[in-house]
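# Generate coordinates for the sequence data below:
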Amino acid sequence: MSTAAHGGLDLQGLTAVLRLLTGGEDVDALARRLDTLHVDYAEAARRLNIPEKWLRERISSLPHRKMGKFVGFAEEDLRAISEMYAVRPALGTPGTGHSRSEKFTALTPSRRSRVRSTS
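From the prediction side, this is the model:
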């Protein structure tokens, strides 16, 4: 097999993989989309996997770019938004010596009695 033929097979394979990853989107369209400096509300919401309305309602407290009346999101804005809402539970963290089961075994019932209904 010649080098040109081998290179052509690799390019075809890469194109096939890109089509699978992009849901059949044209490779040229994908390249144009990836080359975009800023994305709009719809694309930002899609990338963050959230409703577009959520972004629009909270735009004043979220990182974004504004050029006149046009709002755009750069990759770093999308990463910052994602980090703003990262949840990192403190339960069972290594080195604290407190596991989840230890915290629950330390619970004791209240001394205050409850009034039970007799219905």
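# my read: residue 55 touches residue 63, true?
No - using CB atoms under 8 Å as the test, residue 55 is too far from residue 63 to be in contact (11.2 Å). From N, CA and C alone the C-beta is placed, and that goes for glycine too.
# Which of the helices and strands in the chain ranks last by mean pLDDT?
Per-element confidence for the chain was summarised using mean pLDDT, DSSP states H and E. The lowest value among helices and strands belongs to helix 100-105, with a mean of 58.
# hmm, back to that, so for residue 55 and residue 63, which sits in the more crowded spot?
For residue 55 and residue 63, the more surrounded residue by other CB atoms under 10 Å is residue 55, and the numbers stand at 20 against 15.
# In a helix, that one, correct?
Yes - counting by DSSP: H, G, I helix; E, B strand; the rest coil, residue 55 is found in a helix.
# Quick check, pLDDT for it.
Residue 55 is assigned 96 on the pLDDT scale.
# three-state assignment of residue 46?
For residue 46, the secondary-structure state derived from three-state DSSP is helix.
# What about it, how many residues nearby?
Residue neighbour count, defined by other CB under 10 Å, stands at 12 for residue 46.
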